[in-house]
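[1] A predicted structure for the sequence below; I have some questions about it.
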Amino acid sequence: MARARAAFPVGLYGTLLLALCWLLLPELLRPVERLLLGIACLPQRFLSHAGGQPALAAEPHARARLFELRRGLWQRSREHDVERARPLLAAGLEPLPCRVRQAQRRGGHGQPCELVLDRSYEELAGCSDLVTCGDVLLGFLARPGVGAAEKDRPADPARVLLLNHPFSREVAARVQLADGVDLNCVVGPAAIVDPAPMRTTLHDDPYRAARLQRGDAAVRTLALDAPWIGAVPAGLLVGHTRIWGYDTGGDTLTIGLYVATPFDPRAVPQVVLWQSVAGLAPDDREPARAPARAFALPDGTGGRWLVTAKVALPDGAAVVQDGVCLGTVRAVAFGQALCTSFAASRHAWSLWLLPDDPRLSPQGLYGQVAFADAATAWFQLHGDDQRLPAGFLFTGGNGAYCPAGLLIGRAEPDLDVHLLRIALPARAGAQQVEVVVGGT
Amino acid sequence: MRWALWFLLVPQAFLVAGWAGESGLPAVDFGAVVCLFCALFAEPRLLPGLLLGAAVGRAVVDEATIPVQLLVLGVPIALLLPLRSFFYRQQVWWQIAAVVLCAVAIPKLALLCGRWFDQPSASALLDGTRVFWTAVLGPLVLWPLRRLPPLRQFVERSR
């Protein structure tokens, strides 16, 4: 009987089943988890107070250097993101750069099809619905109470419907083919299972469209003959073509002519809206931060911290020290949170690279840390291999409590492993930090 | 009292193992040692509580949440437990084989759970050196531990 019990431990199997249910309904048992982890962290909290005074802010010259870097990031991003689209748009429109909080919801090709901004619909009421980044048309600003934003209120964070969103407007476009003769068409959202986020329809020369042999042609917006209030200006980049079809003995018989976006929507840290009357200035306000104390937990990798504060800390909030992002937290009970450093984390990050070369524009990146040691992390990008320049790496839009523009570290391409090598400032013991508690 | 001690001490044991690794001592996967104890020595009816305490401890040092830790630690125990009937004397070679299986299975399960439940963690990386030291030191570390409280109170009585 005892052997039978040992062979079939009902309690153990029940626990595993409970774990699966817990994963399916995480919010239901989240308070229990917070409490259990909070109790488990209490001895470390008491120990941390015996660990001496926490390290304080960096020296003034280091802070000044960081301030310069951040200012350079904002200035250069605005130069490149704003000025390249300005000649293409109507003369009266004034640019308004907005930070992206996060990309969400699956659209064409399974890519995210919405961007949540750090401004509300109310604030953006005077803006045109065009949303650009450089000379790229990203999508259209949603309107509260209309279409996909039917349930949104004016005070909610504004959403951008990207061109692969099922409710996005279709745009007239011109495919710039190598033979110099353009192909006109309409670009609209593709399905989730399609090989690219957007699909072309209504080609002006269907025979040519069916005989295209090579993709990667630039697709730019096309002006309409009859001007109307929702018209899209000509010349904005929509993406590049992808041909999908049968291989008929060397030739391709095209089934679909798709359009790939110039960059991953999850990597976009900032977009530009256009106001008909210049009323709003770019929002340079920093989100509210609460002072906290971080204590290194010996996890074997040096990437785990116990953070204590006098206020409740939100999940996913960035832990910042002197403008440098240490990592993000998961809140537990009793005013505590567990922070996983950038190097020790394995979840995906949206980042922003400020190249050393002042002629290059800041680049949005999306990927995750592949491996790390005490002072270096190797970052792997999602999607196509890109040859990235050396520069300084900042956070991109990683949620409401991890805003864009926090320094991660110095980044250089590692040609041996085709990854981005990031040098991180080393920290140990107790540290005086700040945690982002107010949404951007 | 034994449960209070278990829930109080087991997270600290994970941290001590981490501190040893950071200090240059041989890194031992304490999760594999706990699995070894649960699979070979613990009273089967007490396994849910033991597993929960171990999962909380591992969640302190690892990015993934408690339910993922329950699966990562629980599955190797569930696989090894039925074999206890055949290896009831718990010979050393069997302990070494079992702890190696746990030390390999834990990162692999962490990798799978990370993918399935979108909770990737750094512990999903299989480290051969760590497996070696866990195989060598795991049964040695467990030998005194299971003679001390709180583990002593969870050991299955011989029938």
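    Right, received. Where do you want to start? Residues are numbered from 1 along each chain as shown, chains lettered A, B, ... in the order given.

[2] which of the helices and strands in chain B ranks last by mean pLDDT?
    helix B:2-22 (a mean of 90; mean pLDDT, DSSP states H and E).

[3] tell me the gap between the following helix or strand past that one and the middle of its chain.
    Toward the C-terminus, helix B:2-22 is succeeded by helix B:30-40 as the next helix or strand (DSSP states H and E). Centroid separation for helix B:30-40 versus its chain: 4 Å, with C-alpha atoms, centre = their mean, to the nearest Å.

[4] for helix B:30-40, packing partners?
    Applying 3 or more C-beta pairs under 8 Å, 6 or more residues apart in numbering or on different chains; DSSP states H and E, one finds that helix B:30-40 contacts helix B:2-22, helix B:47-61, helix B:66-80, helix B:92-116, helix B:128-145. For every residue, glycine as well, the C-beta is placed using N, CA and C.

[5] in TSV: those, plus mean neighbour count and distance to chain A.
    TSV is the format used below for the helices and strands packed on helix B:30-40 (neighbours: other C-beta atoms under 10 Å in any protein chain shown; distance: least, C-beta to the nearest C-beta, whole Å):
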stretch	mean neighbour count	distance to chain A
helix B:2-22	18	4
helix B:47-61	24	4
helix B:66-80	25	4
helix B:92-116	20	7
helix B:128-145	17	9
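
[6] mind checking which of these is nearest residue A:410?
    Proximity to residue A:410, assessed across those by C-beta to C-beta, is greatest for helix B:2-22 (24.1 Å).

[7] which SS class is the residue lying closest to residue A:29 once chain neighbours are set aside?
    Closest residue to residue A:29 apart from its sequence neighbours, by C-beta to C-beta, 6 or more residues apart in numbering or on different chains: residue A:22 at 5.1 Å. Following DSSP: H, G, I helix; E, B strand; the rest coil, residue A:22 is assigned to helix.

[8] let me see the domain layout of chain A.
    A:39-58+A:286-436, A:93-275 (automatic domain parsing).

[9] average pLDDT for the helix or strand containing residue A:393?
    Residue A:393 is part of strand A:391-395 when elements are defined by DSSP H and E. The predicted model gives strand A:391-395 an average pLDDT of 93.

[10] what element comes up after it heading to the C-terminus?
    Sequence-wise, the next helix or strand downstream of strand A:391-395 (DSSP H and E) is strand A:407-414.

[11] from residue A:239, how far off is residue A:192?
    Using C-beta to C-beta, to the nearest Å, residue A:192 is found at 17 Å from residue A:239.

[12] of those two, which one has the most company?
    Counted by other C-beta atoms under 10 Å in any protein chain shown, residue A:192 and residue A:239 do not tie: residue A:239 has more neighbours, with 24 against 15.

[13] that one: what secondary structure?
    Relying on three-state DSSP, one would call residue A:239 strand.

[14] what pLDDT does the model give it?
    pLDDT at residue A:239 comes out at 93.

[15] not counting sequence-adjacent ones, nearest residue to it?
    Counting by C-beta to C-beta, 6+ apart, residue A:259 is the residue found nearest to residue A:239 once chain neighbours are left out, at 4.1 Å.

[16] wait, what's in contact with that neighbour?
    A:173, A:187, A:196-200, A:219, A:238-242 (C-beta atoms under 8 Å, 6 or more residues apart in numbering or on different chains).

[17] check contacts around residue 108.
    I'll assume chain A. Neighbouring residues of residue A:108 by C-beta under 8 Å, 6+ apart: A:164, A:165, A:189, A:190, A:191, A:192, A:194, A:196, A:197, A:198, A:199.

[18] other chain: chain B
    Contact analysis of residue B:108 by C-beta under 8 Å, 6+ apart lists B:124, B:126.

[19] could you do residue A:162 as well?
    The neighbours of residue A:162, taking C-beta under 8 Å, 6+ apart as the test, are A:107, A:112, A:113, A:114, A:115, A:138, A:139, A:168, A:197, A:261, A:265.

[20] next one: residue A:303
    Residue A:303 makes contact with A:327, A:340, A:341, A:343, A:344, A:345, A:372, B:122, according to C-beta under 8 Å, 6+ apart.

[21] so the second one bridges to which residues?
    Looking back up the chat, that one is residue A:340. In this entry, residue A:340 is beta-bridged to residue A:304, residue A:328, by DSSP bridges.

[22] how many neighbours does it have?
    For residue A:340, using other C-beta under 10 Å, the count is 24.

[23] dump the contacts of residue A:162 to JSON lines, plus secondary structure and distance to residue A:322.
    Shown next, in JSON lines, are the contacts of residue A:162 (DSSP: H, G, I helix; E, B strand; the rest coil; distance: C-beta to C-beta, whole Å):
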{"residue": "A:107", "secondary structure": "coil", "distance to residue A:322": "39"}
{"residue": "A:112", "secondary structure": "strand", "distance to residue A:322": "32"}
{"residue": "A:113", "secondary structure": "strand", "distance to residue A:322": "37"}
{"residue": "A:114", "secondary structure": "strand", "distance to residue A:322": "34"}
{"residue": "A:115", "secondary structure": "strand", "distance to residue A:322": "29"}
{"residue": "A:138", "secondary structure": "strand", "distance to residue A:322": "33"}
{"residue": "A:139", "secondary structure": "strand", "distance to residue A:322": "36"}
{"residue": "A:168", "secondary structure": "coil", "distance to residue A:322": "41"}
{"residue": "A:197", "secondary structure": "coil", "distance to residue A:322": "39"}
{"residue": "A:261", "secondary structure": "coil", "distance to residue A:322": "36"}
{"residue": "A:265", "secondary structure": "helix", "distance to residue A:322": "31"}
